[in-house]
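Enquirer: Below is the sequence, then the predicted model.
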Amino acid sequence: MPENSTTDINESIMERLENVSDDTKVEIADNQSDDEFEKLLSSFIASEKSDVVDIKEDPKAPPSRRIPAPLSTKENIQNEPSAPSALGTDEEELAQAYQNMIDSITAISEAQQIEMPHLTFDSSKLSPNYKPSLGRQIVQDTLLCWDLMFAAFPEKLSTINPNATDEQFLNFAEGLSDQNLQLAIISYVEILIDIENCEISYEERRLKAQRKRIERALYEEYQRRRERKLKFIEAIAQKDFPIDAERLINNYFKTATKDPKAAFEVLTTNPAVYAPIQNEKIKPKLFGLIKVTPEDGIKENHRIGAFLKKLRV
């Protein structure tokens, strides 16, 4: 029984991914379901395709980022020309790292006569974009691969530290004589790095899509409020009340954003708070023989409030 096992590796991977989640994710209150948000995010990414810039491989990249193909009895497959990828850069690197590990594990399985585990992840699922649920699938497959590696090389892997850094894993791999095991461990490191990159990219896309949705909702709400204002103003103007209808409604809507109930109470009981009664526009009684008094302004104020209380727009 080796000193370390896949249980230790499992705990290490889960802890690492939880840390990535805590560092990159920003929670936003939202009533949308996960399915609705995935549709929104996919639509957003499709609209952003024209803004994507192709990134060429950096020739100065560390050797660990350029993994050679593992030894396998199916070498002719490695030489087949690959079809153009529909994946983004981060997703493509993750798919390649995963495939490198599976190829290495397949070669170990054939050489050691150990049955391959049942793996569930398919790189086509990464299109149109990475999702955290896919990362969990890849992790589960990776753990199954570690089971096979421990079964094939119990002594070599007995001293490995499951909580080692990426650099320590790579240094450990360099000291191995079996090239397939070496490449499997290097690919494992690649997978963790690429999952982190995909998580960060996913969160950036999520926040951009969320921000666009919020901006659209705010604009639609602004349009609705504007239309309601105009209806209020037109209804008051048609009655020819002695008050500045536009000023009245604009001031009401400003205060209504903070306390709608209290603002409506003031609007319907004392509208003069929002705009003064224009006494000069009140028609004198008896053909102008009786002048307008402050009491007339109070009556108009009540009349306007009663009208607004019954108004439905």
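Expert: Nice, I can see it.
Enquirer: C-alpha from now on. contacts and neighbour counts both.
Expert: OK.
Enquirer: now the helices: where do they sit in this protein?
Expert: Under the criterion DSSP state H, the chain carries helices at the ranges 6-24, 34-48, 75-78, 89-112, 132-152, 166-174, 179-238, 245-256, 260-269, 294-310.
Enquirer: So which of the ones you listed is nearest F121?
Expert: Comparison of the helices of the chain against F121 by Cα to Cα identifies helix 132-152 as nearest, at 5.9 Å.
Enquirer: Now do that closest one: which elements does it pack against?
Expert: Secondary-structure packing of helix 132-152 (3 or more Cα pairs under 8 Å, 6 or more residues apart in numbering; DSSP states H and E): helix 6-24, helix 89-112, helix 179-238.
Enquirer: Please render these as a markdown table that adds mean pLDDT to the earlier fields.
Expert: Conversion of these to a markdown table gives the following (pLDDT from 0 to 100):
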| stretch | mean pLDDT |
| --- | --- |
| helix 6-24 | 63 |
| helix 89-112 | 94 |
| helix 179-238 | 92 |
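Enquirer: how about the ones you listed in a markdown table, adding mean neighbour count and distance to L126?
Expert: Listed next are these as a markdown table, based on neighbours: other Cα atoms under 10 Å; distance: least, Cα to Cα, whole Å:
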| stretch | mean neighbour count | distance to L126 |
| --- | --- | --- |
| helix 6-24 | 15 | 18 |
| helix 89-112 | 21 | 6 |
| helix 179-238 | 18 | 10 |
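Enquirer: Could you dump the helices of the chain into CSV and include distance to H118?
Expert: As requested, the helices of the chain are exported to CSV (distance: least, Cα to Cα, whole Å):
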stretch, distance to H118
helix 6-24, 16
helix 34-48, 27
helix 75-78, 21
helix 89-112, 11
helix 132-152, 8
helix 166-174, 25
helix 179-238, 17
helix 245-256, 61
helix 260-269, 59
helix 294-310, 69
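Enquirer: Among the helices and strands packed on helix 132-152, which comes closest to E265?
Expert: helix 179-238 (15.8 Å).
Enquirer: any idea of the angle the closest one forms with helix 132-152?
Expert: Helix 179-238 runs at 170 degrees relative to helix 132-152, counting by axes from the mean of the first three to the mean of the last three Cα atoms, to 10 degrees.
Enquirer: coming back round to it: looking at the helices and strands packed on helix 132-152, which is nearest to V139?
Expert: Taking Cα to Cα, helix 6-24 is the member of the helices and strands packed on helix 132-152 nearest to V139, at 7.6 Å.
Enquirer: What are the structural domain limits within this protein?
Expert: Split into domains by automatic domain parsing, the chain comes to 6-216, 239-310.
Enquirer: can you list those in CSV and add distance to R224?
Expert: Listed next are the domains of the chain as CSV, based on distance: least, Cα to Cα, whole Å:
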stretch, distance to R224
domain 6-216, 12
domain 239-310, 12
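Enquirer: where among the ones you listed is the average confidence lowest?
Expert: Here the domains of the chain differ in mean pLDDT, and the lowest is domain 6-216 at a mean of 76.
Enquirer: Not counting its neighbours along the chain, what's nearest N197?
Expert: Among residues not flanking N197 along the chain, D90 sits closest, at 6.5 Å (Cα to Cα, 6 or more residues apart in numbering).
Enquirer: what's the answer for K309, then?
Expert: Per Cα to Cα, 6+ apart, closest to K309 is T268, 5.2 Å.
Enquirer: Do I have it right that that neighbour meets R303?
Expert: No: counting by Cα atoms under 8 Å, T268 does not reach R303; the two are 9.3 Å apart.
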